[in-house]
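1. Kindly generate the corresponding structure for this input.
(4 chains)
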Number of protein chains: 2
Amino acid sequence: MSRVARPAAPRTALSPERIAEAALQLIDDEGLDGFSMRSLGARLGVEAMAIYHHYPSKGHVLDAVMDHLLADWRWPPSGSATALERLRRAMHGYRGIALAHPHAFPLLVGRRFNSPGVFAVYERLLQLFAELGLDAAATARWFRTLGYFVSGAGMADIASREIEPDATSLRLQHAPQSVTLPHVAAVAPHLRVDQLDAVFDFGLETLLSALERQARPPRSARPRVGR
Amino acid sequence: MSRVARPAAPRTALSPERIAEAALQLIDDEGLDGFSMRSLGARLGVEAMAIYHHYPSKGHVLDAVMDHLLADWRWPPSGSATALERLRRAMHGYRGIALAHPHAFPLLVGRRFNSPGVFAVYERLLQLFAELGLDAAATARWFRTLGYFVSGAGMADIASREIEPDATSLRLQHAPQSVTLPHVAAVAPHLRVDQLDAVFDFGLETLLSALERQARPPRSARPRVGR
DNA sequence: ACCTGAACACCGTTCAAGT
DNA sequence: ACCTGAACACCGTTCAAGT
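-> Down below sits the predicted model:
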């Protein structure tokens, strides 16, 4: 007690990285509604205002959480397989973020990207389309189309899994009269949560098949404009 | 002054419908962040707590707003065209909700459907797949795949349009070095906001072509299980 | 430089009253 | 039945101090 000057100091010094990690853990544990500057401070053993010394606002903390999520994106090695196979794995990897961080994933869909790190991710993704032989215009169309699909799939997956064990058929039982909804009643068993993996594969393969059909064997992996 | 008993009464009596309409207008005007029970009360000329007499919580008001959004869904008449064409128009109609109510649309993606009215919408949509000759399993896959696409497209559209006039190339100019991101630099012009309509059409037509190729001419528009 | 603590202007919601 | 108004337990953030 006489030797140590600061008795109740936090275990580790506060830093942007430590704050962002704690923020993601807090969102994973408590959901986005349970995340506040005060609850984050409490988890770090610090007053809420201490965070403002490392981030100018709550929004900037959430931007850092988004960077963290993108850093978690499991990505296939560059020369490991065909470009199409690597694109397939990258899309599955993106879905993996939604499955691993269901409470945080909506940040990626709902918030704009403000971090510089996101451009490196874009570059790596667009590289794959170039390797498939797509020009810039086709790349843009496919980049967005696949992005729409995987973002929407992540959000819907999360919403479906939130009700255990089977959202749709549960709600269907609460629906007024199943007899007046014959199509809903017929399709409901195939909308169960245990079908979500297969449905994602189906949609992704449908899109990738169309992409493959449209792509020509590349003469060069480089984009058309000057290197 | 002597004749009228209640001098400062609200122009119209408060009702669930009037509250839901005002809530959607408030979200359209001020965004989801500007929507609160207090600001909604102020817009209705009433104390915030008066709303609780018609809805048990803020979440129930938002559910009513979602119902209102779905009621706005422009839907093609039943016998107006081929089932595929009506499905196409329905998907464009769903996108129209995102374009007309960019601040409210994320409610449809992020919140679960608790209203009974949504089942009628599902039934009408699934009817189209049955008319296309798809069985229940294929209907479920296509229902979700198209839903993923249009939901993701709506969210991305909204995010892209939020920065005027051109999100991506603006941010690209702020990016560290465009020279180290050749693919991003090449594709950026095709990611502009004025391309979003064309990109949505491309993705939707890609999916509908695959659907059409897979569908067989229907023997009956009814689902397989008993009516 | 880094953190605290009070304060301000907000939230959603409960509860007791008013009419 | 319908609405008010005070109150409670929260927010994000500013600002003045502390070390």
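
2. so where is chain A shaky, pLDDT-wise?
-> A:1-11, A:163-179, A:216-227 (pLDDT under 70).

3. the inter-axis angle of the longest helix along it versus helix B:136-162?
-> In chain A, assigned by DSSP state H, the helix with the most residues is helix A:136-162. With axes from the mean of the first three to the mean of the last three Cα atoms, to 10 degrees as the basis, helix A:136-162 and helix B:136-162 are set at 120 degrees to each other.

4. Relative to A:Ala23, how far out is the closest residue to DNA strand C within chain A?
-> Among the residues of chain A, A:Glu47 lies closest to DNA strand C, at 3.0 Å counting by Cβ to the nearest atom of the strand. (Glycine included, C-beta is placed from N, CA and C.) As defined by Cβ to Cβ, to the nearest Å, A:Glu47 lies at a distance of 16 Å from A:Ala23.

5. about what we covered before: pull out the buried positions in the longest helix of chain A.
-> Within helix A:136-162, the residues that count as buried by 16 or more other Cβ atoms under 10 Å in any protein chain shown are A:136-161.

6. Hmm, A:Val109 is touching B:Ser151, no?
-> No - judged on Cβ atoms under 8 Å, A:Val109 makes no contact with B:Ser151 at a distance of 9.1 Å.

7. Ramachandran coordinates for A:Leu181?
-> phi -120, psi 70 (degrees, to the nearest 10).

8. again but with A:Ser15, I slipped
-> According to degrees, to the nearest 10, A:Ser15 has phi -150, psi 160.

9. Any residue of whichever helix or strand A:Phe202 is part of touching chain B?
-> In this assignment (DSSP states H and E), A:Phe202 forms part of helix A:196-214. Yes - using Cβ under 8 Å from any Cβ of the partner chain, we find that helix A:196-214 touches chain B at A:Ala198, A:Val199, A:Phe202, A:Gly203, A:Thr206, A:Leu207, A:Ser209, A:Ala210.

10. Compare A:Glu47 and A:Ala23 (neighbour count), which wins?
-> Between A:Glu47 and A:Ala23, counted using other Cβ atoms under 10 Å in any protein chain shown, the more crowded position is A:Ala23 (25 against 12).

11. Buried ones in the strand or helix carrying that one, by neighbour count?
-> Assigned by DSSP H and E, A:Ala23 belongs to helix A:16-30. For helix A:16-30, a neighbour-count test (16+ other Cβ under 10 Å) marks A:Ile19, A:Ala20, A:Ala22, A:Ala23, A:Leu24, A:Leu26, A:Ile27 as buried.

12. can you check stretch A:84-96 too?
-> Within stretch A:84-96, the residues scored as buried using 16+ other Cβ under 10 Å are A:Leu84, A:Arg86, A:Leu87, A:Arg88, A:Arg89, A:Ala90, A:Met91, A:His92, A:Gly93, A:Tyr94, A:Arg95.

13. CA atoms only for stretch A:83-90 - export them in PDB, please.
-> What follows is stretch A:83-90, C-alpha atoms only, in PDB (Å, rounded to 0.1, in the frame of the first residue of the first chain):
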ATOM      1  CA  ALA A  83     -11.300 -16.800 -58.400                       C
ATOM      2  CA  LEU A  84     -14.900 -18.000 -58.400                       C
ATOM      3  CA  GLU A  85     -14.200 -20.400 -55.500                       C
ATOM      4  CA  ARG A  86     -12.500 -17.600 -53.600                       C
ATOM      5  CA  LEU A  87     -15.400 -15.300 -54.200                       C
ATOM      6  CA  ARG A  88     -17.800 -18.000 -53.000                       C
ATOM      7  CA  ARG A  89     -15.700 -18.500 -49.800                       C
ATOM      8  CA  ALA A  90     -15.500 -14.700 -49.300                       C
END
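
14. who's in contact with that stretch?
-> Under the criterion Cβ atoms under 8 Å, 6 or more residues apart in numbering or on different chains, residues A:73-76, A:78, A:80-81, A:125, A:128-129, A:131-132, A:146, A:204, A:208, A:211-212, A:215, A:218 lie in contact with stretch A:83-90.

15. measure A:His103 to B:His60 for me?
-> Distance from A:His103 to B:His60, by Cβ to Cβ: 22 Å.

16. just A:Thr180 next, same as before
-> Going from A:Thr180 to B:His60 by Cβ to Cβ gives 25 Å.

17. now swap in A:Arg88 and tell me
-> Going from A:Arg88 to B:His60 by Cβ to Cβ gives 42 Å.

18. Would you mind listing what in chain A touches DNA strand D?
-> Contact residues (Cβ under 7 Å from any atom of the strand) of chain A with DNA strand D: A:Phe35, A:Ser36, A:Met37, A:Arg38, A:Ser39, A:Ala48, A:Met49, A:Tyr52, A:Ser57, A:Lys58, A:Gly59.

19. at 6 Å instead, please
-> A:Ser36, A:Met37, A:Arg38, A:Ser39, A:Ala48, A:Met49, A:Tyr52, A:Ser57, A:Lys58, A:Gly59 (Cβ under 6 Å from any atom of the strand).

20. Please pick the buried ones from the residues you listed.
-> Neighbour counting with 16+ other Cβ under 10 Å marks A:Met37, A:Lys58 as buried within those.
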